[in-house]
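Participant: requesting a structural model of the entry that follows:
(one chain, ligands or ions: 2)
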Amino acid sequence: MPALIIEKLCRGCQRCIHVCENKAIKLIAHTPVVQSDLCDECEACMEVCMQGAITISASESK
Ligand code: SF4
Ligand code: SF4
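Facilitator: Residues are numbered from 1 along each chain as shown. Ligands and ions are numbered 1, 2, ... in the order given. The predicted structure is shown next:
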């Protein structure tokens, strides 16, 4: 699963956008959105998000 941003936790700091080497995160109306086809699940965005607003949700499916 690609990264998922939980909008209500996001504070719009844009750290995730700057850290993503694949440029898979874009800001749309002040909210970062992951373009799932560009995301390689590197987890870099998840690690820099101070809000815990990003999950890479493999855990839910099994
Ligand atoms: S997991 Fe990696 S590739 Fe995917 S959005 Fe986050 S930083 Fe970008
Ligand atoms: S790093 Fe977290 S709080 Fe900051 S813009 Fe990205 S998702 Fe939102």
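
Participant: could you pull up the residues touching Val48?
Facilitator: Arg15, Cys16, Val19 (Cβ atoms under 8 Å, 6 or more residues apart in numbering). In this view, the C-beta of every residue, glycine as well, is placed from N, C-alpha and C.

Participant: now these: which count as buried?
Facilitator: For the contacts of Val48, a burial check counting by 16 or more other Cβ atoms under 10 Å picks out Arg15, Cys16.

Participant: so what pLDDT did His30 get?
Facilitator: The score at His30 is 89. That number is its pLDDT.

Participant: any idea how far ligand 1 is from it?
Facilitator: Distance, His30 to ligand 1, by Cβ to the nearest ligand atom, to the nearest Å: 18 Å.

Participant: quick one: contacts for that residue?
Facilitator: Counting by Cβ under 8 Å, 6+ apart, His30 touches Gly12.

Participant: now Cys16, what's its secondary structure?
Facilitator: Three-state assignment for Cys16 (DSSP: H, G, I helix; E, B strand; the rest coil): helix.

Participant: how about it, what does it touch?
Facilitator: Contacts for Cys16 (Cβ under 8 Å, 6+ apart) come out as Ile5, Ile25, Pro32, Cys45, Val48, Cys49, Ile54.

Participant: just the ones of the residues you listed in strands?
Facilitator: If you go by DSSP state E, those have Ile5, Ile25, Pro32, Ile54 in strands.

Participant: if we can go back for a sec, which of the contacts of Val48 lies closest to Cys39?
Facilitator: Cys39 lies nearest to Cys16 out of the contacts of Val48, by Cβ to Cβ, at 11.0 Å.
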